[in-house]
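In: need a 3D model of the following:
(one chain, ligands or ions: 1)
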Amino acid sequence: MRRDDLRNIVIIAHVDHGKTTLVDCLLHQSGQFRASQLSSERILDSNDLEKERGITILAKNIALPYEGVKINIVDTPGHADFGGEVERVLSMADGAVVLVDAAEGPMPQTRFVLSKALECGLKPIVLINKIDKPDARPHEVVDEVLDLFLSLGATDDIAEFPYLFASAKAGFASPDPEVREGDMRPLLDLVLKHIPGPDVNPDEPLQMRVTTLDWSEYTGRIAIGRIKSGKIKKGQSVMISKADDTFERGRVVALHEFQNLGRVEVEEAGAGDIIAVTGLEDIDIGDTICAVDKPTPLPRVAVDAPTLEMM
Ligand code: GDP
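Out: This is a model prediction of the structure:
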């Protein structure tokens, strides 16, 4: 079953190409798009963003409500790493926004993450940013991204990626680099149209691979990941499959979904959702949270080191 109410994506960008500016802009604008419909809902103001900015804005997942769909943006490490972190994070998403500076073009350092994203089957959308720069070369840079994709062995359908031109700083995305006005809705519309919602089987037993750990002084470890199948509920008993093939029992004390820059508590979450689970003390990255009656671990994501060639 395909979920239409959800999209899980990553943004892949070389440092300084504008990821922070884009995320900032999307958070602001999605609040404004909603303002007319939901006047009682609190919208992030620039103070909130300013406080967070530079400290944590990209060190966590965010979620944007748009047109009745929740768009989860999972943070990716921008660099090559040696612990399988990139693969684990990418395994939470179905699509990627590949953000490229319109003057600099694609940089070799993003090659590793991009190649992993294509290997993981993520659907790419290309966003050529900073088209307001005097030395921007929008169309040439699209061709350079195409060359990069082809050099990574992208199949024909992936090499026909959709693309938009943008200025994250000015706050617009457009199919035409000469049209430099509007907002980011063309990008969000393209995400909804081109990137599929999670393909899930809600009736299977619970399985969720832990991708990231967080910590709270009050509640201890918090396990973050995408639910592969089944459902998880507050108060539920679960089995945790460990690296040494043993199982431990645990109980879910609280569940939080992502919302804008923060989190909201929920009673229940289902397959496809990205969720933070509190109450499982001994949990580690790579463990699977499983149903008690049918505990089946998910494969631990490969921890191959990247080859030098890829870096
Ligand atoms: P990150 O490292 O990818 O998160 O990049 P930032 O969002 O921090 O942006 C790096 C620099 O590029 C900052 O000085 C931004 O103000 C600037 N920047 C971001 N988007 C644009 C844009 O669309 N046009 C121009 N001219 N500058 C931009």
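In: and the helices in the chain?
Out: 19-35, 46-52, 85-90, 111-119, 138-151, 156-159, 185-194 (DSSP state H).
In: mean pLDDT lowest for which of these?
Out: Lowest mean pLDDT of the helices of the chain: helix 46-52, a mean of 48.
In: show me which residues of the stretch 51-200 of the chain sit near the ligand.
Out: Taking Cβ under 6 Å from any ligand atom as the criterion, the stretch 51-200 of the chain approaches the ligand at residues 129-130, 132-133, 167-169. Heads up, the C-betas are built off the backbone N, CA and C, glycines and all.
In: any of these buried? List them.
Out: Buried by 16 or more other Cβ atoms under 10 Å: 129-130, 132, 167-168, out of those.
In: how close does K130 get to F112?
Out: 23 Å (Cβ to Cβ, to the nearest Å).
In: A102 now?
Out: Here the distance between A102 and F112 works out to 22 Å (Cβ to Cβ).
In: out of the two, which sits in the busier spot?
Out: Shown here are A102 and F112; by other Cβ atoms under 10 Å, A102 has more neighbours (26 against 19).
In: from what I can see the more buried one touches E144, true?
Out: No. Between A102 and E144 there is no contact, the gap being 10.5 Å when judged by Cβ atoms under 8 Å.
In: the residue nearest the centre of the chain bridge partners, please.
Out: Centroid check for the chain by Cα atoms, centre = their mean gives V74 as the closest residue, at 2.4 Å. For V74, the beta-bridge partners under DSSP bridges are V10.
In: and for A173?
Out: On DSSP bridges, the residues paired with A173 through beta bridges are A166.
In: quick one: contacts for it?
Out: Applying Cβ atoms under 8 Å, 6 or more residues apart in numbering, we find A173 in contact with 127, 164-166, 182-187.
In: likewise for G250?
Out: Contact analysis of G250 by Cβ under 8 Å, 6+ apart lists 237-240, 279-283, 289.
In: kindly report the same for A271.
Out: Contacts of A271 (Cβ under 8 Å, 6+ apart): 3, 198, 200-202, 204, 227-231.
In: show only the entries of those found in strands.
Out: Counting by DSSP state E, these place 227-229, 231 in strands.
In: low-confidence regions, this protein specifically.
Out: Along the chain, segments meeting pLDDT under 70 span 34-59, 77-83, 302-311.
In: now do 50
Out: Applying pLDDT under 50 to the chain flags the ranges 36-47, 50-59, 302-311.
In: one step back: and of the residues of the stretch 51-200 of the chain next to the ligand, the nearest to L261?
Out: In terms of Cβ to Cβ, no member of those lies closer to L261 than A168, at 16.9 Å.
In: G18 is in contact with that closest one, correct?
Out: Yes. Here A168 reaches G18: they are 4.5 Å apart, a contact under Cβ under 8 Å.
In: what touches both of these two?
Out: 99, 129-130.
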